[in-house]
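>>> Quick one, fold the following:
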Amino acid sequence: MGPAASGFANDGFLTVLNDATKWGVSGAVAAVLLCKRDVRTCWCITGSIVAAFNCKVLKKLINESRPEGARKADPGMPSSHAQSLAFLSTSAALALAAGGGMASTGGGVLVFLAGSFLSWLRVRLGFHSTEQVVCGHLLGCGSAFCWRYLGETYAPEKIGSGPGLWSLYMGTGAAILVFAWVMVR
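Predicted coordinates for the structure are as follows:
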């Protein structure tokens, strides 16, 4: 069901919120990177870009149309927005929960719920079907868990503090530049 059929095409606030999401999320990621500048942050950001690339590849392979009346004509399965929001919100929730305490865990739950709400907007505004968003969201959550596991289990010994760390920083910087270039085009 597209925006016209859903009756929500004129829902101004949600449309503005949806349109601002990529800039808000990108700004939040940049702020965290500038404030933290550590291995875990770089690892997470690199993982989010790798996961976004994987989602784009899957989208091309599956080649499922978006709902009738959607404003975009490219394939919709899985939802790239839902995948990215789920990866970042799951990663942030896991990091906050690892801090321990009720406040950290509560913050993690709120961040995850915010990512879920922003993913749901894609269905509400007619960009994707429920299945496309659920698939994208599950892909993002699963990717975040796997990337965190790799980061906690294998990356510290490989990265260390020498050339591996420098390579991670350079790779993160390059990935951000490519991502920004693709996003702005």
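>>> Could you tell me the per-residue confidence at the nearest residue to residue 143 once chain neighbours are set aside?
In space, and not counting its chain neighbours, residue 143 is closest to residue 51: 4.0 Å by Cβ to Cβ, 6 or more residues apart in numbering. All C-beta spots, glycine's among them, are computed from the backbone N, C-alpha and C. As predicted, residue 51 sits at a pLDDT of 90.
>>> how far away is residue 51 from residue 141?
10 Å (Cβ to Cβ, to the nearest Å).
>>> Now list whatever residues contact both of the two.
residue 87 (Cβ atoms under 8 Å, 6 or more residues apart in numbering).
>>> Among those two, which residue is more densely surrounded?
residue 51 (24 against 21; other Cβ atoms under 10 Å).
>>> list the contacts for the more buried one?
Counted by Cβ under 8 Å, 6+ apart, residue 51 has contacts 83, 84, 87, 139, 140, 143, 144, 147.
>>> Please name the residues that touch the second one.
So the one you mean is residue 84. So residue 84 contacts 25, 48, 51, 52, 55, 140 (Cβ under 8 Å, 6+ apart).
>>> let's see 6 Å
When contacts are counted by Cβ atoms under 6 Å, 6 or more residues apart in numbering, residue 84 touches residue 52.
>>> For it, identify the helix or strand it belongs to.
helix 80-98 (DSSP states H and E).
>>> Tell me which helix or strand comes right after that helix.
helix 101-124.
>>> Could you check the angle that following helix makes with helix 80-98?
On the basis of axes from the mean of the first three to the mean of the last three Cα atoms, to 10 degrees, helix 101-124 is oriented at 170 degrees to helix 80-98.
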